[in-house]
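Trainee: Below is the structure, and that's it, no one-letter string:
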């Protein structure tokens, strides 16, 4: 007979509480591995402090570590925001989704607005998503009213405005949709 005592789960060892040096090491490892913003680094360090605890002499200050890393050039919120915004646009996401993503990363309102897409980029992204998902004129067969409504809803969930989604989905042909995107002012 098999000994069932070996099947019991191991108890997980509690990690050692953090001190100033270990917190700094965690921060360095994080920024070395991931493109990040000061807000995301602060959140990461705060989470690690909650999980592992603190045994340092003075209270921990994740915001000061993030600010120091930004001063040293380890973190650049502007380049992070531009990179994320451009990546989301290339994938076909709209301005609202980009703004929400950057807000979640701790990017301030002025910087979010500065890196936000202009009208031409918004229309191009809407067209890109419709092409990728085979919506509207890119569908193999013309969609019925119910399918059009679902496609418009999917585009709105992806961060596009209702009017933009409607314009792409209701376009009579691919050429009409591309013309709509091309007539926007380029930013």
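Mentor: Everything's here; your move. Just so it is clear, the model here is predicted, and its values are computed rather than measured.

Trainee: Can you report how many residues lie near the residue nearest to residue 131 when sequence neighbours are not counted?
Mentor: The shortest distance from residue 131 to any non-neighbouring residue, by C-beta to C-beta, 6 or more residues apart in numbering, is to residue 138 (5.0 Å). All C-beta spots, glycine's among them, are computed from the backbone N, C-alpha and C. Around residue 138 there are 18 other residues, counting by other C-beta atoms under 10 Å.

Trainee: cool, the one 5 residues further on as well?
Mentor: When neighbours are defined as other C-beta under 10 Å, residue 143 has 18 of them.

Trainee: Look at it and report its pLDDT.
Mentor: Note for residue 143: predicted pLDDT of 87.

Trainee: Name the SS class of it, please.
Mentor: coil (DSSP: H, G, I helix; E, B strand; the rest coil).

Trainee: and the protein, what are its domains?
Mentor: 20-75, 79-182 (automatic domain parsing).

Trainee: Can you give me the first-to-last residue distance of the longest one?
Mentor: Meaning domain 79-182. Start-to-end span of domain 79-182 (C-alpha to C-alpha, to the nearest Å) is 27 Å.

Trainee: and what of the shortest one?
Mentor: Taking C-alpha to C-alpha, the span from the opening residue of domain 20-75 to its closing residue is 20 Å.

Trainee: still on that earlier bit, kindly present the domains of the chain as JSON lines, with separate columns for distance to residue 11.
Mentor: Below are the domains of the chain laid out as JSON lines (distance: least, C-beta to C-beta, whole Å):
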{"stretch": "domain 20-75", "distance to residue 11": "17"}
{"stretch": "domain 79-182", "distance to residue 11": "35"}
